[in-house]
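1. Have a look; sequence and predicted model below, questions after that.
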There are 2 protein chains.
Amino acid sequence: MKDSRKRATIIDVATAANVSTKTVSRVFNDEPHVRKILRDKVLKAAAELDYHPNIMARGLVGRRSYLLGLIYENPSPNYVVELQNGALDRLHGEKYRLLVLPVESVVEVAGKIMSVLRAAALDGVILSPPASDHPGILSELRQNDFPFSRIAPTQSLDIGPSRTTDDVDASRKMTEYLLSLGHTRIGVIKGDPTHPSSGARLTGFLDALKAAGVSHSPDLVEQGFYTYESGLAAARKLLDRPDRPTAIFAQNDDMAAAAIMAARDLGLKVPDDLSISGFDDSAIAQIVWPRITTVHQPVYDMARDATDALIAKLENKPFTMLETQPCELIIRESTAAPAVL
Amino acid sequence: MKDSRKRATIIDVATAANVSTKTVSRVFNDEPHVRKILRDKVLKAAAELDYHPNIMARGLVGRRSYLLGLIYENPSPNYVVELQNGALDRLHGEKYRLLVLPVESVVEVAGKIMSVLRAAALDGVILSPPASDHPGILSELRQNDFPFSRIAPTQSLDIGPSRTTDDVDASRKMTEYLLSLGHTRIGVIKGDPTHPSSGARLTGFLDALKAAGVSHSPDLVEQGFYTYESGLAAARKLLDRPDRPTAIFAQNDDMAAAAIMAARDLGLKVPDDLSISGFDDSAIAQIVWPRITTVHQPVYDMARDATDALIAKLENKPFTMLETQPCELIIRESTAAPAVL
DNA sequence: CTCTCTTTGATCGTTGGCGTCAGGGCGCAA
DNA sequence: TTGCGCCCTGACGCCAACGATCAAAGAGAG
């Protein structure tokens, strides 16, 4: 037994198996031109020596780190964890590993994204909103020929592989549902303005109103930032209005949950006195009471698929540039017909 | 201008600055014996060439990857994100990077932890519960002299740096508070039995009852797994009993939130008909209604400090082996005196 | 001739060990 | 006091080494 402190090298394995290092290399890289007998001998020797290829050395000569980055802002823990899990599950069994790169704000990294990526020696990067739509970041990546894939982009869908949903359509459907219940005075709590999803969701909302011939006052749109706290403040403003809306369409579930809390503070019953709908179908939507009517966003699936596309790109395999996932309206207890007509 | 696809090497910088590569290396590693004039010249050349040291090459010769791993199970997104943020914030500005290593269950990796760590070429690893208390994992790490630090361990506090809170004490305080309200029939929803925190929290609970001379039936202890779903099932069992408890002490906030939902399904009012308390003070505790009385766990702080200790260890700087953080009872709206005596 | 290997030597980018060189301080003899 | 040799130290440069891959050339077996 060797000193366990010292790791076995490819030379040790080659010696033990009585083959050349080249052969060992071939075995570990699944290359052809190795008989099964030899392959087994090598694997046996490697197992006995507890040999693992040195990623550093391999990376140095092959110019690959097998490290992928995931860039995200941190709106809600549920979202982040789903994002990570989607990526991690796809990476399971692969030799790639995931480095998490949370950023305070996309603006923060806009100019120095390449420095960050190079300093971390990443092979590729997965961009989540709003980085996935940031023109500066995208152009910098393209200029440097840096492999990336995008989660839920809304613009320039042709410049790289991506997985997305149609926020406008989903938002339109949700609005149609609220209209069908009889709501016409609908408050909106917008998400972070630096996230294009926020604009898209508003567009869908306005489209539906227009199609239904319902007029809408811009005063009923309040700015939030996809966080619980921002949702609380925005909901309070909406509910303090003399012409209080009969329904609030929050652009994500965290803000919808905050709206429920704000309504409770005012003694309003949800959904009897006020309907509230969210977006994303994150875990929180089923934990609060009433459970939130929302739109299911396949965050996990999008993250997994974006990772898949990135790996395909890195390995020069074919991949689809853009895939739009369906989204689904999920009706729960937070919405109902308005009590007063 | 060089082709931007090709990264500048230390040789390019040395050539541009008209010094030796060794000098450039010294500058980038903050070593002495370089005059300021030369240092500035090197930095200027490096900036112009957009040079970043190649981590792979550096790691190869120095046997360091500057990669730290964070091992965790995935009980609740809030917990995971706090954990990650604590570690990441400490790493900010350092050359170390964080690799996330979620595991299905600690048992899954118990035997092959070294393989995982070596395959990922990690410099060190941060263990969160329950890995931080797993005897198999700990002994394997020690046998291999692999640097690690632990978050919230409960056993063998002398074998490595760690940051923890006193779960027994915190649980005792919470129980004393429930007793002081007048509750004597208190149901418990336990956490995952593979997490030592679960046992510790039960111990504190039983200690307090014993000290107060209150007898307790083991039937009032239900098994959960720190997840919302498990809490829902456990709470239902407790509430279906003929001698329904007047209070439920859930061992984390997710399960406490589930208990609130279960109570609502039965038409019970919280806290009027049933008091519910949680543990951890995670985000969810303030999002549900009533907001949950809980014990604040400084997860973020513990993660940051454990990261700090690990870095200190890796760089042979002094560090404290064990530090116990205070914990704080946080009283909110989910607890009150029992209505019926 | 093809398939399955081995051998040799170069290569990736960086760092550690060691050598070199210049200059300063110091002791000591004249 | 001056001049000389010596040691020490700071400021570098040169070269091998880290571990794996890869290209090229060759060899034995079928």
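-> Looks like it arrived, so ask away. Numbers count the residues shown, from 1 in each chain, chains lettered A, B, ... in the order given.

2. Can you tell me which helices and strands the helix or strand of chain A with the lowest mean pLDDT packs against?
-> Every helix and strand in chain A was compared by mean pLDDT, DSSP states H and E; the lowest is strand A:322-325, with a mean of 78. Helices and strands touching strand A:322-325, by 3 or more Cβ pairs under 8 Å, 6 or more residues apart in numbering or on different chains; DSSP states H and E, are strand A:162-165, helix A:299-314. Quick note: C-beta positions are derived from backbone N, CA and C, even for glycine.

3. Mean neighbour count, those: which tops it?
-> Mean neighbours per residue, mean count of other Cβ atoms under 10 Å in any protein chain shown, is largest over the helices and strands packed on strand A:322-325 for strand A:162-165, with a mean of 24.

4. where does the stretch 1-150 of chain A have low pLDDT?
-> A:1-6 (pLDDT under 70).

5. Go through the helices and strands packed on strand A:322-325 and name the closest to DNA strand D.
-> Closest to DNA strand D of these, according to Cβ to the nearest atom of the strand: helix A:299-314, at 14.0 Å.

6. Need the helices and strands packed on strand A:322-325 in a markdown table (columns: mean pLDDT and distance to DNA strand D).
-> Listed next are these as a markdown table, based on pLDDT from 0 to 100; distance: least, Cβ to the nearest atom of the strand, whole Å:
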| stretch | mean pLDDT | distance to DNA strand D |
| --- | --- | --- |
| strand A:162-165 | 81 | 29 |
| helix A:299-314 | 92 | 14 |
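
7. Now render the ones you listed as JSON lines, adding distance to B:His52.
-> Shown next, in JSON lines, are these (distance: least, Cβ to Cβ, whole Å):
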{"stretch": "strand A:162-165", "distance to B:His52": "28"}
{"stretch": "helix A:299-314", "distance to B:His52": "20"}
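
8. Show me the helices in the stretch 1-150 of chain A, by range?
-> Using DSSP state H, counting those that start in this stretch, the helices of the stretch 1-150 of chain A run over residues A:10-17, A:21-28, A:36-49, A:55-62, A:77-91, A:106-110, A:113-119, A:135-143.

9. which of those helices sits most buried?
-> helix A:77-91 (a mean of 23).

10. would you put the C-alpha positions of that one in CSV?
-> Below are the C-alpha coordinates for helix A:77-91, written out as CSV (Å, rounded to 0.1, in the frame of the first residue of the first chain):
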residue,chain,number,x,y,z
PRO,A,77,-34.6,30.9,-2.9
ASN,A,78,-37.2,28.7,-4.6
TYR,A,79,-36.3,29.9,-8.0
VAL,A,80,-32.5,29.6,-7.4
VAL,A,81,-32.7,26.1,-6.1
GLU,A,82,-34.9,24.9,-8.9
LEU,A,83,-32.4,26.5,-11.3
GLN,A,84,-29.5,24.8,-9.7
ASN,A,85,-31.2,21.4,-9.4
GLY,A,86,-32.1,21.4,-13.1
ALA,A,87,-28.6,22.1,-14.0
LEU,A,88,-27.1,19.7,-11.5
ASP,A,89,-29.3,16.8,-12.4
ARG,A,90,-28.3,17.1,-16.0
LEU,A,91,-24.7,17.1,-15.0
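
11. how about that helix, does it reach chain B?
-> Yes: using Cβ under 8 Å from any Cβ of the partner chain, we find that helix A:77-91 touches chain B at A:77-78, A:80-82, A:84-85, A:88.

12. OK, contacts around A:Ala257?
-> Taking Cβ atoms under 8 Å, 6 or more residues apart in numbering or on different chains, we find A:Ala257 in contact with A:228, A:231, A:278, A:284-285, A:288, A:292, B:287.

13. Distance from the chain centre to stretch A:262-281, please.
-> The chain centre lies 27 Å from the centre of stretch A:262-281; the measure is Cα atoms, centre = their mean, to the nearest Å.

14. average model confidence for it?
-> Model confidence over stretch A:262-281, given as mean pLDDT, is 96.

15. now swap in stretch A:180-200 and tell me
-> 94.

16. is any part of that stretch close to chain B?
-> No: Stretch A:180-200 stays clear of chain B (Cβ under 8 Å from any Cβ), getting no nearer than 15.6 Å.

17. Can you list phi and psi of A:His296 for me?
-> phi -70, psi 120 (degrees, to the nearest 10).

18. Next one: it from A:Asp305, what distance?
-> Separation of A:His296 from A:Asp305 (Cβ to Cβ, to the nearest Å) stands at 16 Å.

19. quick one on the thing from earlier: which among the contacts of A:Ala257 count as buried?
-> A:228, A:231, A:278, A:284-285, A:288, A:292, B:287 (16 or more other Cβ atoms under 10 Å in any protein chain shown).

20. Contact partners for the residue in the stretch 151-300 of chain A positioned nearest to DNA strand C?
-> DNA strand C sits closest to A:Gly160 of the stretch 151-300 of chain A, with a gap of 25.4 Å, by Cβ to the nearest atom of the strand. By Cβ under 8 Å, 6+ apart, the contact set of A:Gly160 is A:138, A:142, A:148-150, A:321.

21. Confirm it sits in a helix?
-> No: using DSSP: H, G, I helix; E, B strand; the rest coil, the assignment for A:Gly160 is coil, not a helix.

22. Tell me the spacing between the closest residue to DNA strand D within the stretch 201-341 of chain A and chain B.
-> Using Cβ to the nearest atom of the strand, the closest approach of the stretch 201-341 of chain A to DNA strand D is made by A:Glu315 at 12.7 Å. According to Cβ to the nearest Cβ, to the nearest Å, A:Glu315 stands 19 Å off from chain B.

23. What's the separation between that residue and A:Pro147?
-> 10 Å.
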